[in-house]
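> quick check, what structure comes out for this input:
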Amino acid sequence: MNVSIRARIILTHLLIVGIGFFYLVKKITDVSEIKPRYMQSIEEPMVDTARLLAALLESQSPGGKIDIAQFRESFQRARSRPFLAKIYSKEKTDIDLHVYVTDAKGIVIFDSKGGQAEGLDYSRQNDVWLTLRGKYGARSTRADPNDPTSAVLFVAAPVMSGDQVVGVLTVSKPQKSMATFMQETRRKIFVMGAIAAAAVVIAGALLSIWITRPIERLTQYARAVRDVRRAPLPKLGTSEIATLGRAFEEMRDALDGRKYIESYVQTLTHEIKSPVAAIRGAAELLHEEMPAGQREKFLENIQAETVRIQEIVDRLLLLSAVEAKKSLEDRKPVDVVEIVRRAVASVAAQASAKEIQLLAELPAAPVVISADEFLIEKGILNLLQNAIAFAPAGGTVSASLASAGDSCVVRITDNGPGIPEFAQTKIFERFFSLPRPDTGKKSSGLGLAFIREVALLHRGSVEVKNAVAGGVVAELILPRGAEVVT
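From the prediction side, this is the model:
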């Protein structure tokens, strides 16, 4: 099973964090851990309450005999008064503190619950038994033996007369009142834990993206190199991935240089072989005696083939210069309308020689892009020259400029014979050329290859295809405000 690096980072992160959070949340929400802490926090104020009430009862019982009359009246008044106390999320409306008092023998003489337990013998209950013997008395007893939530906490304090214990005052509180706070605390811990876990997951995902994004960019770059597409080295920061990316770039430059030289030597040799052979043949024949007219014809052939070689070399040098570019050093805001207008004016004489009608449909407002003005003008000029070369005598060549979203489109059309089916996939190959309809001669085959490189350098594209109504339409598509290859 193929698992991406990003997925591995996220899964590992989730596993580690998940185990940690599970242990932490389980630990802090474990009832066996929380309950004793809550019991301690409740028992301590109950001790204070029991001792304060015992001291109050002592002050109301002079002579060593417990008098519970005022004590009973105080409790009745407290229970009869309505109140509302909001304790966090809990609303308290009644007193759930239970108090009972025993005499020195452990017999209940006061019970705050309407006297229910009065007269009963509590001398064997831990809270009473221990307190009567001068020890700390407390117990926890279930009201229902089968219900753990019915437990009640009892805390006792001695009622003294001088140095003698004359009774015991016990306060009790049901643990159900504490359960609400415990459940609320657990709920909040779970909620906060879930929020923290979600935050950690998001942070882990962002971390994995931060780590793997440069790797993905480098992978895309490597695939572009594999597919022989022009692609800049992506921004990889200053990490080890950036070092690896620069190593890829250096390797690409080295391999491209070797292939470039090998390819150009082969193609240049092939293309020059024919005109060189023609020049050599004509030169050999010129050593023989021949009529002046024939000699002039051979000299014209030599000159024509020399011009052809010069054209191949010049165009090859221009193409190689563009192909070697990684960025546009001379980029600046240029008006494409003005460039097309100049290019049309430059080929006017060539069109006039074939009696071709040259049309230009250009917008009145400037169309500004960020580009290398020389390369763009040279590319448009090549498209126009190509269209004129294939248009029939007396035909029409038109140039137009239009906007298409964030791009501008330079469109050159002619009414020539169109592109044969076999040539439609080869027209952008170096040195591939079709014979001109009027002369049967071929060009250097470097013009469209040059235009394609210019378009790619500007992050644009070029398309040359047969028009529906006949002829050929060529479109040079350039981004407006172009973000060029850097």
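
> mind listing what's buried along stretch 130-141?
For stretch 130-141, the neighbour count (16 or more other Cβ atoms under 10 Å) marks 130, 131, 132, 137, 138, 139 as buried. (Each C-beta comes from the backbone N, C-alpha and C, glycine too.)

> which of these sits closest to residue 46?
residue 138 (8.4 Å; Cβ to Cβ).

> any idea what that closest one is bridged to?
Judged by DSSP bridges, the bridge partners of residue 138 are residue 155.

> find the centremost residue of this structure, please.
Computing the C-alpha centroid of the chain and ranking residues by Cα atoms, centre = their mean puts residue 209 first, at 6.4 Å.

> assumed residue 360 was part of a strand.
Yes: counting by DSSP: H, G, I helix; E, B strand; the rest coil, residue 360 is located in a strand.

> thinking again about what came up before, what about the residue nearest to the centre of the chain, distance to residue 201?
Distance from residue 209 to residue 201, counting by Cβ to Cβ, to the nearest Å: 13 Å.

> ok, residue 110 next?
As judged by Cβ to Cβ, residue 110 and residue 201 stand 59 Å apart.

> repeat that for residue 344.
In terms of Cβ to Cβ, residue 344 sits 61 Å off from residue 201.

> more neighbours: those two, which one.
A count of neighbours by other Cβ atoms under 10 Å puts residue 344 above the other of residue 344 and residue 201, at 21 against 15.

> what bridges to the closest residue to the more buried one other than its chain neighbours?
Leaving aside its chain neighbours, residue 344 sits nearest to residue 360 (4.9 Å; criterion: Cβ to Cβ, 6 or more residues apart in numbering). For residue 360, the residues forming beta bridges with it (DSSP bridges) are residue 399.

> surely residue 360 and residue 341 touch.
Yes: counting by Cβ atoms under 8 Å, residue 360 does reach residue 341; the two are 6.7 Å apart.

> quick check, residue 300 in a helix?
Yes: looking at residue 300 with three-state DSSP, it is inside a helix.

> count of residues packed around it?
Residue 300 has 11 nearby residues by other Cβ under 10 Å.

> now residue 157
Neighbourhood size, residue 157 [other Cβ under 10 Å]: 25.

> so how far is residue 205 from residue 83?
In terms of Cβ to Cβ, residue 83 sits 51 Å off from residue 205.

> tell me which of those two has more neighbours.
Using other Cβ under 10 Å as the criterion, residue 83 and residue 205 rank with residue 205 on top: 15 against 9.

> sec struct for that one, please.
Classified using three-state DSSP, residue 205 is helix.

> and what of residue 289?
Per three-state DSSP, residue 289 ends up coil.

> separation between it and residue 107?
159 Å.

> please identify which of those two sits among more neighbours.
Neighbours were counted for residue 289 and for residue 107 using other Cβ under 10 Å; residue 107 has more, 16 against 5.

> residue contacts, the closest residue to that one other than its chain neighbours?
Closest residue in space to residue 107, ignoring its immediate chain neighbours: residue 121 at 5.8 Å, by Cβ to Cβ, 6+ apart. The contact partners of residue 121, by Cβ atoms under 8 Å, 6 or more residues apart in numbering, come to 105, 106, 107, 108.

> what about 10 Å?
102, 105, 106, 107, 108, 128 (Cβ atoms under 10 Å, 6 or more residues apart in numbering).

> any weak-confidence spans in the stretch 351-486 of the chain?
431, 438-441, 444-445, 481-486 (pLDDT under 70).
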